[in-house]
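In: any chance you could fold what I've pasted below:
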Amino acid sequence: MYREDAQRAFGAYGRGAEGLPKIDQLVLLYDAAIRRVREAEEACRDGRVEDRFHATSKATAILDGLQACLDFERGGEIARHLDRLYTYLVFRLQQVNMTNDPAICREIAERLGELRSSWARLAEEARSPGQAAVSAAFSGLTA
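Out: Numbering: from 1, shown residues only. Sure, this is the predicted structure:
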């Protein structure tokens with residue numbers, strides 16, 4: 001059961017950059033998105049409208065990229081769930097620019113942090129020698 005879920009989750013993403021396993025790329029992209037959302041939060045508090053706009057635009061671009069790479073055929077319900085979640089998060093980023101509310105940034109960063117933690121845990125388990133089933137789930141799925 002776990003192996004199938006891991007394969008389906010990872011199958012939600014169809015494309016990746018050369019040289020780095022896709023799962024590690026996902027973790028890095030989540031790190032970058034979280035960093036940009038935190039920058040937007042700080043800019044909201046400081047009243048730096050232009051900096052807030054640039055930070056939310058960069059976070060939106062990352063989420064748009066993640067969403068564009070979803071493979072609905074291989075990813076099934078997980079891909080559909082991620083698609084809805086990314087749409088919601090992009091909507092919330094737009095609300096940050098309309099309201100200048102740092103609380104929205106905290107909400108977005110928390111949700112992205114949960115996703116990042118899940119992918120990082122899967123990446124670590126895939127590298128662990130005692131996790132043959134997880135490693136098998138990711139075999140051949142690296143960029």
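
In: what sits closest to the residue nearest to the spatial centre of the chain if chain neighbours are left out?
Out: In the chain, the centroid-proximal residue (Cα atoms, centre = their mean) is residue 30; its distance is 4.3 Å. Nearest non-adjacent residue to residue 30, counting by Cβ to Cβ, 6 or more residues apart in numbering: residue 116, 3.6 Å away. Using the backbone N, CA and C atoms, a C-beta is placed for each residue, glycine as well.

In: tell me which element the one you found is part of?
Out: Secondary structure assignment for residue 116, by DSSP states H and E: helix 102-127.

In: name the residues of the longest helix along the chain that are buried.
Out: Selection of the longest helix in the chain by residue count, based on DSSP state H, yields helix 72-99. Buried residues in helix 72-99, counting neighbours by 16 or more other Cβ atoms under 10 Å, are found at 74-75, 78-79, 82-83, 85-86, 89-90, 92-93, 96-97.

In: just stretch 101-120 next, same as before
Out: Neighbour count says stretch 101-120 has 102, 104-105, 107-109, 111-112, 115-116, 119-120 buried, by 16+ other Cβ under 10 Å.

In: touching stretch 97-109 from outside, list them.
Out: Here stretch 97-109 makes contact (Cβ atoms under 8 Å, 6 or more residues apart in numbering) with 34, 37-38, 40-42, 44-45, 47, 49, 52-53, 56, 59, 89, 92-93, 95-96.

In: for residue 72, which non-adjacent residue is spatially closest?
Out: Nearest non-adjacent residue to residue 72 (Cβ to Cβ, 6+ apart): residue 79, at 4.7 Å.

In: low-confidence ranges, this structure, go.
Out: For the chain, applying pLDDT under 70 flags the ranges 1-18, 129-143.

In: who's sitting farthest from the centroid in it?
Out: Here the chain reaches farthest from its C-alpha mean at residue 47, the gap being 27.1 Å by Cα atoms, centre = their mean.

In: any idea how far residue 100 is from that residue?
Out: To residue 100, residue 47 is 8 Å away according to Cβ to Cβ, to the nearest Å.

In: ok, residue 71 next?
Out: 36 Å.

In: when these two are compared, which one has more neighbours?
Out: residue 100 (17 against 14; other Cβ atoms under 10 Å).
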